[in-house]
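In: predicted model follows, preceded by the sequence.
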Amino acid sequence: MELELRHLKTIRAIAEAGSLTRAATALGLAQPALSAQLRRIERALGGVLFERGRHGVRTTALGELVLERTRIVLPAVSELQREAARFARAQGEGERLRLGGTHGPLLGALVDRLADTAPGTTVTTCASWSERELAEMLTEGRLDFALAGTCGSTPPPDSPRLAWEEIAVDPVFVMLADGHRLARGREVDLAALAGEEWACVPGDGCFADCFTAACARAGFTPRRMYETDTASCVHLVQVGRAVGLCRATFPPTPGLTIRPLTGTPLMWRHLLGWHPAGQRPDTAAAVLARAREAHAGAAARSDSYARWLAQRRPVPGAAAHPAHATAPGTGSISPGQGVG
């Protein structure tokens, strides 16, 4: 029998599980089948890899040698597969784009822009609550581009290996039911919401910690936070169960009033990421331009954001894009740099 990659994965699984029973469960095999497979592998390698005992298995000296090589070979083969996938996609540029994004209107708006400017390109999307998951999919070659975000100056995920460009920097606004006592004002002081419950979409960044810190500066500890999907957040706000946190580009919605928070205590950076080895510079530049257009269009459709921007209109000659009208950004974030 010739040794194959699947045999190395089996050895690794047994060593990590410490038991043939647990390894069989992890691999989806019956234990007798795994035991028979291990015996065939050991015959091919010329010796015993694991000592069996009442409390599980332990690697022999030969087993340690094989495991050491396995830790080198398996990651190398995985990286080869990812590089080959990125190279193949780069060669077929213009035919297909796979976009990922956190849940929100910007992903759909980007698809709409690309449909106009690249009608021959097939665009597919994948949405995730996790910025880290999107970064992992970029690194592994399962996505071409990803829309993600970070709170304040937090570095984007996996920045040493991925290229990130800033699309825009937005203030975080608050969603109120139309009948809420604070809905008629032009803006809302965070301290005035001390007695409220809150609704927000989930994520794996630092936004929850930044929000809690902002509340502490305003003199209170936030009550219950409902982390749920956008539609559920909207419903909780509409029925008066909670007030919601949203990006300033949140679209007009019946029953909701969107208002800025006084002093802009929270900011959100929109980012576009990709793996530099898998994309041509002109393609990345084109997708970034469409993403910025999509954000500008979303900002223009928000009356509350338009009023907020008008109060902070930049001096003549300054950049007109909302990102630069709200807060200075880095613009370009090269691999290895953060966004602060």
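Out: Good, I have the coordinates.
In: which residues in the stretch 51-200 of the chain form helices?
Out: Ranges of helices in the stretch 51-200 of the chain, per DSSP state H, counting those that start in this stretch, are 61-91, 105-117, 131-139.
In: any idea which of those gets closest to residue 178?
Out: Across the helices of the stretch 51-200 of the chain, residue 178 has its closest neighbour in helix 105-117 (20.5 Å, Cβ to Cβ). To be clear about C-beta, it is placed using only N, CA and C from the backbone, and glycine gets the same treatment.
In: ok, and what's touching that closest one?
Out: With Cβ atoms under 8 Å, 6 or more residues apart in numbering as the test, helix 105-117 has contacts from 97, 99, 101, 121, 123, 125, 127, 147, 167, 249-251, 270, 286-287, 290-291, 293-295, 297-298.
In: restricted to strands, list the residues you listed.
Out: 97, 99, 101, 123, 125, 127, 147, 167, 270 (DSSP state E).
In: what about residue 243, distance to residue 104?
Out: From residue 243 across to residue 104, the span is 19 Å (Cβ to Cβ, to the nearest Å).
In: and residue 224, what is it in contact with?
Out: Residue 224 sits in contact with 197-198, 242, where contact means Cβ under 8 Å, 6+ apart.
In: picking up where we left off before, could you flag which of the ones in strands among the contacts of helix 105-117 are buried?
Out: 97, 99, 101, 147, 167, 270 (16 or more other Cβ atoms under 10 Å).
In: how's this protein carved up into domains?
Out: For the chain, automatic domain parsing gives the domain ranges 5-88, 94-340.
In: deepest of these, which one?
Out: domain 94-340 (a mean of 18; mean count of other Cβ atoms under 10 Å).
In: quick one: it to chain centroid distance?
Out: Its chain's C-alpha centre and that of domain 94-340 lie 12 Å apart, by Cα atoms, centre = their mean, to the nearest Å.
In: what's stretch 285-298 in contact with?
Out: In contact with stretch 285-298 (Cβ under 8 Å, 6+ apart) are residues 97, 105-106, 109-110, 112-114, 117-118, 145, 147, 165, 167-168, 249, 251, 270, 272, 274, 321-323.
In: now swap in stretch 10-25 and tell me
Out: By Cβ under 8 Å, 6+ apart, stretch 10-25 touches 26-27, 30-31, 33-35, 37-38, 41, 49-50, 52, 56-57, 59, 63, 66-67, 70-71, 74.
In: end-to-end on it?
Out: Using Cα to Cα, to the nearest Å, the end-to-end distance of stretch 10-25 comes out at 12 Å.
In: low-confidence stretches in the stretch 1-150 of the chain?
Out: 85-94, 103 (pLDDT under 70).
In: mean confidence for stretch 207-227?
Out: Across stretch 207-227, pLDDT averages out at 93.
In: all strands of the stretch 101-250 of the chain, in order?
Out: Counting by DSSP state E, counting those that start in this stretch, the stretch 101-250 of the chain has strands at residues 122-127, 145-151, 163-177, 198-200, 225-227, 243-247.
In: out of those strands, nearest to residue 134?
Out: Nearest to residue 134, of the strands of the stretch 101-250 of the chain and by Cβ to Cβ, is strand 145-151 at 4.2 Å.
In: can you list the strands that that closest one pairs with?
Out: strand 96-101 (parallel), strand 267-274 (antiparallel) (DSSP bridges).
In: possible to save those as JSON lines with distance to residue 159?
Out: What follows is the strands paired with strand 145-151, written out as JSON lines (distance: least, Cβ to Cβ, whole Å):
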{"stretch": "strand 96-101", "distance to residue 159": "16"}
{"stretch": "strand 267-274", "distance to residue 159": "9"}
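In: I'd like to know which of those strands is closest to residue 155.
Out: Smallest distance to residue 155 across these (Cβ to Cβ): 10.3 Å, for strand 267-274.
In: can you list contacts of that closest one?
Out: With Cβ under 8 Å, 6+ apart, strand 267-274 has contacts from 106, 134-135, 138, 144-152, 156, 162-172, 207, 247, 284, 287-288, 291, 295, 323, 326-327, 329, 333, 339.
In: the same query, at a cut-off of 6 Å, please.
Out: Residues from elsewhere that reach strand 267-274 (Cβ atoms under 6 Å, 6 or more residues apart in numbering): 138, 145-146, 148-150, 152, 156, 162-172, 247, 284, 288, 291, 327, 339.
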